[in-house]
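> Whatever this is, show me its structure:
(chains A and B)
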Amino acid sequence: GESVGLHLPTLSVQEGDNSIINCAYSNSASDYFIWYKQESGKGPQFIIDIRSNMDKRQGQRVTVLLNKTVKHLSLQIAATQPGDSAVYFCAETLNDYKLSFGAGTTVTVRA
Amino acid sequence: KAGVTQTPRYLIKTRGQQVTLSCSPISGHRSVSWYQQTPGQGLQFLFEYFSETQRNKGNFPGRFSGRQFSNSRSEMNVSTLELGDSALYLCASSFNGRAADTQYFGPGTRLTVL
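Predicted coordinates:
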């Protein structure tokens, strides 16, 4: 299961499939973009970040893509696992010590 | 290394009261930020402290205030509580608070105003 282009508030994905979570950011001058994962009852947990002068960055099972032309950010999760079920937030910062968060996408992994 | 800790985890207050929430950052981190999380507004930035000084503030009324101590621990205070202040209050710490510094979040304090 994947959603391309549009931000969706929820995403249901089959275990083992790849997931794509989209985010539209607001400020073309933002310098850093970060993805956080929030599980029920916990605070947001850092996943991966990307600087504005990059368009792709990879981590362990995750890839972040940045398209500055259309102010779009995406998080790709490979081989989605049950433990990936959570709310995912993108955030942007202008190097002014604060994060501006997107609305979040709730990912549910089906067994 | 211990993570960000917040106390208390849960709090119930009534309208008009005031409340103080506490945050202990990761050891060595000097920047502490506070966020409010609600279902309707999502995660919103309250303020950020570094070396006991507030460097940035979000769009919240003056009833919301904070401070930071010399050991980097931080408190936030909300006076004259309103029903709309019910939220999860999150604290995040980072080394210097710069964009390149990862912000690590605590578990939050769930405030309910009756």
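
> Which residue ranges of the chain form strands?
Just going to use chain A. Per DSSP state E, chain A carries strands over the ranges A:10-14, A:19-24, A:32-38, A:45-51, A:56-58, A:62-67, A:72-77, A:86-93, A:100-101, A:105-110.

> that answer is for a different chain, and I need it for chain B
B:5-7, B:10-13, B:19-24, B:31-38, B:42-50, B:53-57, B:64-68, B:74-78, B:87-94, B:104-105, B:109-113.

> Let me have the ones you listed in TSV, adding mean neighbour count and distance to chain A as columns.
Glycine gets a C-beta too; all of them are placed from N, C-alpha and C. Listed next are the strands of chain B as TSV, based on neighbours: other Cβ atoms under 10 Å in any protein chain shown; distance: least, Cβ to the nearest Cβ, whole Å:
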stretch	mean neighbour count	distance to chain A
strand B:5-7	16	8
strand B:10-13	13	11
strand B:19-24	19	11
strand B:31-38	23	7
strand B:42-50	22	4
strand B:53-57	14	5
strand B:64-68	19	13
strand B:74-78	21	13
strand B:87-94	25	5
strand B:104-105	22	3
strand B:109-113	18	9
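
> which one of those strands lies closest to A:Leu65?
A:Leu65 sits nearest to strand B:42-50 of all the strands of chain B, at 22.2 Å, using Cβ to Cβ.

> Now do the contacts for A:Ser80.
To be clear, residue A:80 is Thr; Ser isn't right here. A:Thr80 sits next to A:13-19, A:107, A:109 when contact means Cβ atoms under 8 Å, 6 or more residues apart in numbering or on different chains.

> What of B:Gln54?
Here B:Gln54 is in contact with B:47-48, B:66, B:68 (Cβ under 8 Å, 6+ apart).

> would you list the strands of chain B in TSV and tack on mean pLDDT?
Converted to TSV, the strands of chain B look like this (pLDDT from 0 to 100):
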stretch	mean pLDDT
strand B:5-7	98
strand B:10-13	98
strand B:19-24	98
strand B:31-38	96
strand B:42-50	94
strand B:53-57	92
strand B:64-68	98
strand B:74-78	98
strand B:87-94	97
strand B:104-105	96
strand B:109-113	98
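
> can you list those in JSON lines and add distance to A:Ile50?
Shown next, in JSON lines, are those (distance: least, Cβ to Cβ, whole Å):
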{"stretch": "strand B:5-7", "distance to A:Ile50": "28"}
{"stretch": "strand B:10-13", "distance to A:Ile50": "35"}
{"stretch": "strand B:19-24", "distance to A:Ile50": "27"}
{"stretch": "strand B:31-38", "distance to A:Ile50": "20"}
{"stretch": "strand B:42-50", "distance to A:Ile50": "19"}
{"stretch": "strand B:53-57", "distance to A:Ile50": "22"}
{"stretch": "strand B:64-68", "distance to A:Ile50": "29"}
{"stretch": "strand B:74-78", "distance to A:Ile50": "28"}
{"stretch": "strand B:87-94", "distance to A:Ile50": "17"}
{"stretch": "strand B:104-105", "distance to A:Ile50": "18"}
{"stretch": "strand B:109-113", "distance to A:Ile50": "30"}
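
> Quick check: the gap between B:Glu48 and A:Leu8.
31 Å (Cβ to Cβ, to the nearest Å).

> ok so, going back, where among the strands of chain A is average confidence lowest?
When the strands of chain A are compared by mean pLDDT, strand A:100-101 comes last with a mean of 90.

> one step back: may I see the ChimeraX selection of the buried members of the contacts of A:Thr80?
Buried subset of the contacts of A:Thr80, written as a ChimeraX selection, criterion 16 or more other Cβ atoms under 10 Å in any protein chain shown:
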select /A:13,19,107,109
